[in-house]
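1. what follows is a predicted protein model with its sequence.
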Amino acid sequence: MDEQTRLMHSHSGVGMAGHPGLPQHMQEGTGGSDGDGRKQDIGDILQQIMTITDQSLDEAQARKHALNCHRMKPALFNVLCEIKEKTVLSIRGAQEEEPPDPQLMRLDNMLLAEGVAGPEKGGGSAAAAAAAAASGGGSGPENSTEHSDYRTKLTQIRQIYHTELEKYEQACNEFTTHVMNLLREQSRTRPISPKEIERMVNIIHRKFSSIQMQLKQSTCEAVMILRSRFLDARRKRRNFNKQATEILNEYFYSHLSNPYPSEEAKEELGKKCAITVAQVSNWFGNKRIRYKKNIGKFQEEANMYAARTAVNATNASSHGSQANSPSTPNSAGSAGSFNMSNSGDLFMSVQSLNGDSYQGAQVGANVQSQVDTLRHVISQTGGYSEGLTANQMYSPQGINANGGWQEAPTPSSVTSPTEGPGSVHSDTSN
DNA sequence: GGGTATGATTCGCG
DNA sequence: CGCGAATCATACCC
């Protein structure tokens, strides 16, 4: 410090007369008696500035300080600030005033709509409710747990978002303060106008807001993923419970000739299995196609259910025909209207199990179910398969070239004597 | 972990 | 609109 003071004074006795911030050259007045001296002075200063880089660090430091304390400094700074203002800053300033980013607005809107941004209470649950409404049906309790799950996750996202946002804001403020202090500090040693500081602050804010936008964007993505997970039922697939599968299988195998449950039957099955009608439809759709694709694989299962149905049928003592009650799906499997005297005809009509096609007999449901049942019982014993294969020709109209379930009228041989050929099948809601 | 089973979705067809 | 077929995504089992 002492050395600096010495240096400072060594330069034409220049003191610290100048008031920082004031245009010193104006204060000096126009009295030009020492004009030459001042010119000499300025030349001196400039010389010092120009050569400062050639000096050693210590020397330069000392010289710098001396210059800083020079009475001409404020004036020089003022001029430099003006020049800066007119050149660099004005160029930068041209692109400063921008309209709010449309993408940012979109993100903001979305976050608001999803209940992530905006008021703390209600937003999340409202969004969850909306999402739930969009997801459509589904079983009640299952749905409510899904709700809370969704809400919990959304709250988590919300919390993270707000925490991060706060962090960013804090960091932004800290950084801004830091930079402002730094600039203020530096403004003592280099020409920095307050306007420039203001601009710098703006730049910092813009940078931070772009970071914020990234945060918003990733938050939006997270919400979208959550939403899609919540809405996409495939992702929350649960196997039906054993009982439900049994009920469905029972129906399927006891209606193997025409496994197309009517709407009423689907509702009934849905009720029994605690699943929706749509799920019943899905199940039957899948079952049909998969059964048809690989009958061999399902053989055992088919036999099992067939045997079970057969047992049920034999055990059931009631023999009142329920063929005309299409809305009772289980009537087919459990009703005891099966007439053994028909068995011969039934056997004759049963098709080969190795083939792709089935007979879509439009006989009474009970009779038909017994046909299906017995077909498997027979196949299990391996009794009639060859003969039955040959008998396919017996009912040519029952064979579908594409291997689909045939909906053609029943061959007369299967027609139950108690029910006319036109009796309603339990599967069809016609 | 990989293979299989299974519920759901999508698409084209009649 | 219901169906078959293909496909996806997950559950389940070894």
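-> Cool, got the structure. Numbers count the residues shown, from 1 in each chain, chains lettered A, B, ... in the order given.
2. who in chain A is up against DNA strand B?
-> Contacts of chain A with DNA strand B, taken as CB under 7 Å from any atom of the strand, map to A:232-234, A:237-240, A:245, A:275, A:278-279, A:282-283, A:285-286, A:290, A:297. The C-beta positions use only the backbone N, C-alpha and C, and glycine is treated the same way.
3. recalculate using a threshold of 6 Å.
-> Taking CB under 6 Å from any atom of the strand as the contact definition, chain A meets DNA strand B at A:233, A:234, A:237, A:239, A:240, A:245, A:279, A:282, A:283, A:285, A:286.
4. what about stretch A:286-302, start to end distance?
-> With CA to CA, to the nearest Å as the measure, stretch A:286-302 spans 15 Å from end to end.
5. name the residues of it that are buried.
-> A:287, A:288, A:291, A:292, A:295, A:298, A:302 (16 or more other CB atoms under 10 Å).
6. same question for stretch A:50-68.
-> For stretch A:50-68, the neighbour count (16+ other CB under 10 Å) marks A:62, A:63, A:64, A:65, A:66, A:67, A:68 as buried.
7. now the two most distant members of those.
-> Comparing all pairs in the buried residues of stretch A:50-68 by CB to CB, the longest separation belongs to A:62 and A:68, at 10.7 Å.
8. turn the residues of chain A next to DNA strand B into CSV, columns for secondary structure and pLDDT.
-> Listed next are the residues of chain A next to DNA strand B as CSV, based on DSSP: H, G, I helix; E, B strand; the rest coil; pLDDT from 0 to 100:
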residue, secondary structure, pLDDT
A:233, helix, 57
A:234, helix, 58
A:237, coil, 77
A:239, coil, 87
A:240, coil, 90
A:245, helix, 92
A:279, helix, 92
A:282, helix, 93
A:283, helix, 95
A:285, helix, 95
A:286, helix, 94
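9. let's see if you can find the most crowded of those residues.
-> residue A:283 (23 neighbours; other CB atoms under 10 Å).
10. is it true that that residue touches residue A:248?
-> Yes. Between residue A:283 and residue A:248 a contact is recorded at 5.4 Å, counting by CB atoms under 8 Å.
11. what do the two both touch?
-> The contact sets of residue A:283 and residue A:248 overlap at residue A:240 (CB atoms under 8 Å, 6 or more residues apart in numbering).
12. about what we covered before: closest to residue A:258 among the residues of chain A next to DNA strand B?
-> For the residues of chain A next to DNA strand B, the nearest to residue A:258 is residue A:285 (14.4 Å; CB to CB).
13. in stretch A:270-282, what's buried?
-> Neighbour counts over stretch A:270-282 (16+ other CB under 10 Å) mark A:270, A:272, A:273, A:275, A:276, A:277, A:279, A:280, A:281 as buried.
14. what of stretch A:161-170?
-> Going by neighbour count (16+ other CB under 10 Å), the buried part of stretch A:161-170 is A:161, A:164, A:168.
15. turn the buried residues of stretch A:286-302 into JSON lines, columns for distance to residue A:75 and secondary structure.
-> Listed next are the buried residues of stretch A:286-302 as JSON lines, based on distance: CB to CB, whole Å; DSSP: H, G, I helix; E, B strand; the rest coil:
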{"residue": "A:287", "distance to residue A:75": "94", "secondary structure": "helix"}
{"residue": "A:288", "distance to residue A:75": "95", "secondary structure": "helix"}
{"residue": "A:291", "distance to residue A:75": "97", "secondary structure": "helix"}
{"residue": "A:292", "distance to residue A:75": "97", "secondary structure": "helix"}
{"residue": "A:295", "distance to residue A:75": "101", "secondary structure": "helix"}
{"residue": "A:298", "distance to residue A:75": "99", "secondary structure": "helix"}
{"residue": "A:302", "distance to residue A:75": "104", "secondary structure": "helix"}
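16. run through these and flag the ones next to DNA strand C.
-> A:288, A:292.
17. state the distance from residue A:171 to DNA strand C.
-> Taking CB to the nearest atom of the strand, to the nearest Å as the measure, residue A:171 and DNA strand C are separated by 36 Å.
18. wait, doesn't that residue sit right on residue A:205?
-> No. Using CB under 8 Å, residue A:171 is not in contact with residue A:205; the gap is 11.8 Å.
19. ok, back up a step: take the buried residues of stretch A:270-282 and keep only those in helices.
-> Judged by DSSP state H, the buried residues of stretch A:270-282 include A:270, A:272, A:273, A:277, A:279, A:280, A:281 as members of helices.
20. can you list those residues in TSV and add distance to DNA strand C?
-> Listed next are these as TSV, based on distance: CB to the nearest atom of the strand, whole Å:
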residue	distance to DNA strand C
A:270	14
A:272	18
A:273	16
A:277	10
A:279	13
A:280	10
A:281	5
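21. before we move on, back to that, okay, residue A:171 and residue A:205: which has more neighbours?
-> Legend: neighbour count by other CB under 10 Å for residue A:171 and residue A:205, higher for residue A:205 (15 against 12).
22. and the gap between the more buried one and DNA strand B?
-> Per CB to the nearest atom of the strand, residue A:205 is found 43 Å from DNA strand B.
23. what distance do you get for that residue to residue A:42?
-> According to CB to CB, to the nearest Å, residue A:205 stands 39 Å off from residue A:42.
24. residue A:67 now?
-> According to CB to CB, residue A:67 stands 12 Å off from residue A:42.
25. please apply the same query to residue A:223.
-> Taken as CB to CB, the span from residue A:223 to residue A:42 is 64 Å.
26. which of the two has more residues huddled nearby?
-> Comparing residue A:223 with residue A:42 by other CB under 10 Å, the one with more neighbours is residue A:223, at 23 against 14.
27. re earlier: make TSV out of the buried residues of stretch A:286-302 and add pLDDT.
-> What follows is those, written out as TSV (pLDDT from 0 to 100):
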residue	pLDDT
A:287	94
A:288	94
A:291	92
A:292	90
A:295	87
A:298	88
A:302	87
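28. is DNA strand C contacted by the helix or strand hosting residue A:244?
-> Assigned by DSSP states H and E, residue A:244 belongs to helix A:242-254. No. Judged by CB under 6 Å from any atom of the strand, helix A:242-254 makes no contact with DNA strand C; its nearest approach is 9.5 Å.
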